[in-house]
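K.L.:
The following comprises the amino acid sequence and a computationally predicted model.
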Amino acid sequence: MSAKKEPAPSPEEVAAEMDRLSGRGLGDLGYSDEELERIAGLTWRINRLKREVQAVIPAHVYQRAEVLHGVSDYSGDSYKLAKDCVGTKAKHIIFCGVRFMAETAKILNPDKDVHLPAAEAGCSLSESITAADVRKLKAKHPGLPVAVYINTSAEVKAECDVVVTSANAVKILKKLYAKHERIIFIPDEMMGKNLARDLGKKVGTEMVIWEGRCIVHDNFDAESVNLYRKMYPGVKILAHAECSPSLTSLVDMVGGTGDMMRFVEGTKARSYMLVTECGLGDLARTRFPEKLFVPMCRLCPYMKATTLERILECLRGIDKPSAATRIMVPSETAQRARHSVERMFELAEDKAQS
Ligand code: 13P
Ligand code: SF4
């Protein structure tokens, strides 16, 4: 970008932006007027610059409320975000989420510039396994199809047959089991055990799994679920599929973030507990103000690494992006990983059998 001076919002423009943010529910989340004013100055600048440089901002539902409501163009779970990015007319994708999500966007949109404003936004599941680990696992269990959770690096996806997300894992694994007695599922141990239980498969024999864990969902305590039920009679308890089977066996619904929001929308109960990252509860509170959300959540440090300041910094440097925040995937790896991601689209949307 040229070195021309960046416009600043007038007091009236800041006030109008504060109104817009309040209307989108930020006022109800406990932000003070001073904080809302600071946020409004940043979102005004980001939205102006975003249009100027032709960037689009997808945001995962665990992102900070000011990112989701203030600057994102679309939001959702990992599956929806992967699909929403395809075919974008924007020149740049500023991905507000974690590295594996931005990499998936790059794999599917190789000719776009993809940026991750918080370079350190990784994921404990993604970091639990390498491409060499997958090659060893395949050598130990030759001929088994490998289903890989989307929370993995491009190199890992490139070694696998089909990607799954929390939104479609049951459906895709059922299709794999229709043709194979045994499969490999990596890297989330807890999700693997939940899937094996739901599909009536034996872990270790019919389903070979890996011991990756999500540092957020692995730490919820199953005992508390019973306690909460006593404290809040009638509460509907929903848990993400990355939680332990001891916990998921006690709740009313298990699934991904998109499934959880759809369950709340389609259920008449007054109170809900969303056992997952805190961002989903914040989003649910703004989307369903008439419902009560009992807090039991944890923050994901990777998801919360993205701030408005870092998004603005990324946009300001879009012509000379830092190597850390620009997503690069070698083309051979990207092509192989893309094959696994496209296989997911086919199987999840009934375009192929297995
Ligand atoms: P969803 O695809 O369900 O949004 O999950 C992503 C994730 O990282 C959960 O921890
Ligand atoms: Fe990864 Fe867990 Fe954070 Fe999701 S919540 S990005 S699985 S560490």
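P.N.:
Looks like it arrived, so ask away. Ligands and ions are numbered 1, 2, ... in the order given.
K.L.:
OK, now which residue of the stretch 151-300 of the chain is nearest to ligand 1?
P.N.:
residue 256 (2.9 Å; Cβ to the nearest ligand atom). No exception for glycine: its C-beta is placed from N, CA and C like everyone else's.
K.L.:
show me the residues around that residue that make contact.
P.N.:
By Cβ atoms under 8 Å, 6 or more residues apart in numbering, residue 256 lies in contact with 77-79, 165-167, 240-241.
K.L.:
In those residues, find the pair that's most separated.
P.N.:
Pairwise distances across those peak at 13.7 Å for 79 and 240 (criterion: Cβ to Cβ).
K.L.:
between the two, which one's more packed in?
P.N.:
Neighbours per residue (other Cβ atoms under 10 Å) separate residue 79 from residue 240, with residue 240 holding more: 27 against 22.
K.L.:
Surely the more buried one and residue 217 touch.
P.N.:
Yes - at 5.4 Å, residue 240 counts as touching residue 217 under the criterion of Cβ atoms under 8 Å.
K.L.:
mean confidence for whichever helix or strand residue 157 is part of?
P.N.:
Here residue 157, judged by DSSP states H and E, is contained in helix 154-158. The predicted model gives helix 154-158 an average pLDDT of 98.
K.L.:
Show me what that helix is packed against.
P.N.:
helix 99-108, helix 131-140, helix 331-348 (3 or more Cβ pairs under 8 Å, 6 or more residues apart in numbering; DSSP states H and E).
K.L.:
before we move on, what SS does the residue nearest to residue 322 when sequence neighbours are not counted have?
P.N.:
Of all residues beyond its chain neighbours, the one nearest residue 322 is residue 119 (7.4 Å), with distances taken as Cβ to Cβ, 6 or more residues apart in numbering. Put simply, residue 119 is coil when judged by DSSP: H, G, I helix; E, B strand; the rest coil.
K.L.:
Quick check: phi and psi at the residue nearest the centre of the chain.
P.N.:
For the chain, the residue nearest the mean C-alpha position is residue 78 (4.3 Å; Cα atoms, centre = their mean). Dihedral pair for residue 78: phi -60, psi -40, per degrees, to the nearest 10.
K.L.:
Kindly report the same for residue 293.
P.N.:
phi -110, psi 110.
K.L.:
Enumerate every residue touching it.
P.N.:
Applying Cβ under 8 Å, 6+ apart, the residues near residue 293 are 271-274, 281, 284-285.
K.L.:
pLDDT score for it?
P.N.:
Residue 293 is given a pLDDT of 97.
K.L.:
Give me the nearest residue to it, chain neighbours excluded.
P.N.:
residue 281 (5.1 Å).
K.L.:
so the one you found touches residue 292, yeah?
P.N.:
No - counting by Cβ under 8 Å, residue 281 does not reach residue 292; the two are 10.9 Å apart.
K.L.:
And the two? Which one has more around it.
P.N.:
residue 281 (19 against 13).
K.L.:
Ramachandran coordinates for the residue lying closest to residue 125 once chain neighbours are set aside?
P.N.:
Once flanking residues are discounted, residue 125 sits nearest to residue 151: 4.2 Å by Cβ to Cβ, 6+ apart. Taking degrees, to the nearest 10, you get phi -80, psi 60 for the backbone angles of residue 151.
K.L.:
Relative to residue 273, how far out is residue 151?
P.N.:
Counting by Cβ to Cβ, to the nearest Å, the separation of residue 151 from residue 273 is 23 Å.
K.L.:
Would you tell me whether stretch 305-324 gets close to ligand 2?
P.N.:
No - residues of stretch 305-324 are not located near ligand 2 by Cβ under 6 Å from any ligand atom, the shortest gap being 10.2 Å.
K.L.:
list the buried ones in that stretch?
P.N.:
305-308, 310-312, 314-315, 318 (16 or more other Cβ atoms under 10 Å).
K.L.:
what does stretch 13-32 give?
P.N.:
14, 17-18, 20-22, 25-26, 31.
K.L.:
Next, show the common contact partners of residue 240 and residue 217.
P.N.:
Joint contacts of residue 240 and residue 217 (Cβ under 8 Å, 6+ apart) are 275-276.
K.L.:
What ranges does the stretch 251-354 of the chain have for its strands?
P.N.:
Using DSSP state E, counting those that start in this stretch, the strands of the stretch 251-354 of the chain run over residues 253-255, 271-277, 292-294, 297-298.
K.L.:
mind exporting the longest helix along the chain as PDB, just the C-alpha atoms?
P.N.:
With secondary structure taken from DSSP state H, the chain has its longest helix at helix 33-53. Provided in PDB are the C-alpha atoms of helix 33-53 (Å, rounded to 0.1, in the frame of the first residue of the first chain):
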ATOM      1  CA  ASP A  33     -18.800   2.500  27.200                       C
ATOM      2  CA  GLU A  34     -15.000   3.200  27.300                       C
ATOM      3  CA  GLU A  35     -14.300  -0.300  26.000                       C
ATOM      4  CA  LEU A  36     -17.000  -0.100  23.300                       C
ATOM      5  CA  GLU A  37     -15.500   3.300  22.200                       C
ATOM      6  CA  ARG A  38     -12.000   1.800  21.900                       C
ATOM      7  CA  ILE A  39     -13.400  -1.200  19.900                       C
ATOM      8  CA  ALA A  40     -15.500   1.100  17.700                       C
ATOM      9  CA  GLY A  41     -12.400   3.000  16.600                       C
ATOM     10  CA  LEU A  42     -10.700  -0.200  15.700                       C
ATOM     11  CA  THR A  43     -13.600  -1.900  13.900                       C
ATOM     12  CA  TRP A  44     -14.200   1.400  11.900                       C
ATOM     13  CA  ARG A  45     -10.600   1.400  10.700                       C
ATOM     14  CA  ILE A  46     -10.600  -2.400  10.000                       C
ATOM     15  CA  ASN A  47     -13.800  -2.300   7.900                       C
ATOM     16  CA  ARG A  48     -12.600   0.700   5.900                       C
ATOM     17  CA  LEU A  49      -9.200  -0.900   5.200                       C
ATOM     18  CA  LYS A  50     -10.700  -4.300   4.500                       C
ATOM     19  CA  ARG A  51     -12.800  -2.800   1.600                       C
ATOM     20  CA  GLU A  52      -9.800  -0.800   0.300                       C
ATOM     21  CA  VAL A  53      -7.500  -3.800   0.000                       C
END
